[in-house]
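S.K.: sharing a sequence plus its predicted fold:
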Amino acid sequence: MDIAVLGALDVRERGTSVTPTAPKPRQVLALLALHADRVVPVASLVEELWGRTPPRSARTTLQTYILQLRELIDAALPADDPRTAKDVLSTSPGGYLLNTAGGASDVREFERQAGLGYRAMDAGDFAGAARELRDALALWTGSALADVQTGPQLEIQRQRLEETRLCALDQRIEADLRLGRHRELLAELTVLVNRHRTHENLHGQFMLALHRSGRRSEALEAYQRLRNALVRELGLEPSSALRRLQRSILTASPEPALHPVPAGSGERFSRLS
């Protein structure tokens, strides 16, 4: 079974889609797919579908959705396959398990390639890091679970995936900056800082790319826009690292390090207390 969630939900058994069109069964399949080869408790599935106040018929209705998914799986299994739909989507004590039988998962592949990129960054291999992280990010075809209605369980997973994507993107840009690709990054960073108005690393990278491209005044304007957004939306001043970068641009001093934390940690600039 092949699973794709980094964009639209697409689950296939032997190349045949087993993704339902109805919203609730799609939620069930999405949660099972995100935890593929692990048991998903019935309680988690019920909370995903109905929140903290499920109807009395919740477990019976969930069983109906499981049956609908098994019917789709059964139709996709070749006649000579010894497995049954209950083998692929099995009932376990307290929950259900989606068995991929070693199939592909875009999340697992993304995490594998991003991990290679982070290790390359730590080793100072910026060309290798940029390549691995670019390949990892290419697995995304849109926002995670873009066409799935999300309840509390899926929303947590969706946000987690988007954060891992942003972290990989941040590190890939950092690698490209280390390779002197500042001019090539300007268009991409222009879009990103408008989309993420309070993300300090991205703004710091944008400032560096502008400054190194001979656009000093625009780099300082980018800092001011970020500061205004931070104060207005979060009640915070820019971090000390970003203020040092702004001062270095003002005085044309050597640029301070942008990343005081290890590659792949997911942390951003430290905040002022």
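M.R.: The structure has been received and is ready for your questions. For clarity, every value in this text was computed on a predicted model and none was experimentally measured.

S.K.: residues contacting residue 212?
M.R.: By C-beta atoms under 8 Å, 6 or more residues apart in numbering, the residues touching residue 212 are residue 182. The way it works is simple: take the backbone N, C-alpha and C, and place the C-beta from them, glycine included.

S.K.: er, residue 87 actually
M.R.: Contacts for residue 87 were tallied using C-beta under 8 Å, 6+ apart; they are residue 99.

S.K.: my read is it is in a strand, agree?
M.R.: No. Applying DSSP: H, G, I helix; E, B strand; the rest coil, one finds residue 87 to be helix, outside a strand.

S.K.: for it, report the pLDDT, please.
M.R.: Note on residue 87: pLDDT of 95.

S.K.: again, but for residue 214
M.R.: 93.

S.K.: residue 208 is in what secondary structure piece?
M.R.: Here residue 208, judged by DSSP states H and E, is contained in helix 200-212.

S.K.: and that helix, how far from the chain's centre?
M.R.: Relative to its chain's centre, helix 200-212 lies at 22 Å (C-alpha atoms, centre = their mean, to the nearest Å).

S.K.: which SSE is immediately downstream of that helix?
M.R.: Where DSSP H and E defines the elements, the next helix or strand beyond helix 200-212 is helix 216-234.

S.K.: any idea of the angle the next helix or strand after that following helix forms with helix 216-234?
M.R.: With elements assigned by DSSP H and E, the helix or strand that comes after helix 216-234 is helix 240-251. Here helix 240-251 points in a direction 150 degrees away from that of helix 216-234 (axes from the mean of the first three to the mean of the last three C-alpha atoms, to 10 degrees).

S.K.: where's helix 240-251 relative to the chain centroid, distance-wise?
M.R.: Its chain's C-alpha centre and that of helix 240-251 lie 30 Å apart, by C-alpha atoms, centre = their mean.

S.K.: okay, buried residues for that helix please.
M.R.: Across helix 240-251, burial judged by 16 or more other C-beta atoms under 10 Å covers 241, 242, 243, 244, 245, 246, 248, 249.

S.K.: count the neighbours of residue 65 for me.
M.R.: Residue 65: 19 surrounding residues under other C-beta atoms under 10 Å.

S.K.: per-residue pLDDT, it?
M.R.: So residue 65 comes in at 98 (pLDDT).

S.K.: give me the element it is part of.
M.R.: Of the helices and strands defined by DSSP H and E, residue 65 is found in helix 58-76.

S.K.: by contact count, what packs against that helix?
M.R.: With contacts defined as 3 or more C-beta pairs under 8 Å, 6 or more residues apart in numbering; DSSP states H and E, helix 58-76 has these neighbours: strand 10-13, strand 16-17, helix 23-34, helix 42-50, helix 85-88, strand 89-92.

S.K.: let me have these in a markdown table, extended by distance to residue 199.
M.R.: Below are these laid out as a markdown table (distance: least, C-beta to C-beta, whole Å):
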| stretch | distance to residue 199 |
| --- | --- |
| strand 10-13 | 29 |
| strand 16-17 | 36 |
| helix 23-34 | 25 |
| helix 42-50 | 29 |
| helix 85-88 | 40 |
| strand 89-92 | 39 |
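
S.K.: among these, which is nearest residue 196?
M.R.: Across the helices and strands packed on helix 58-76, residue 196 has its closest neighbour in helix 23-34 (24.0 Å, C-beta to C-beta).
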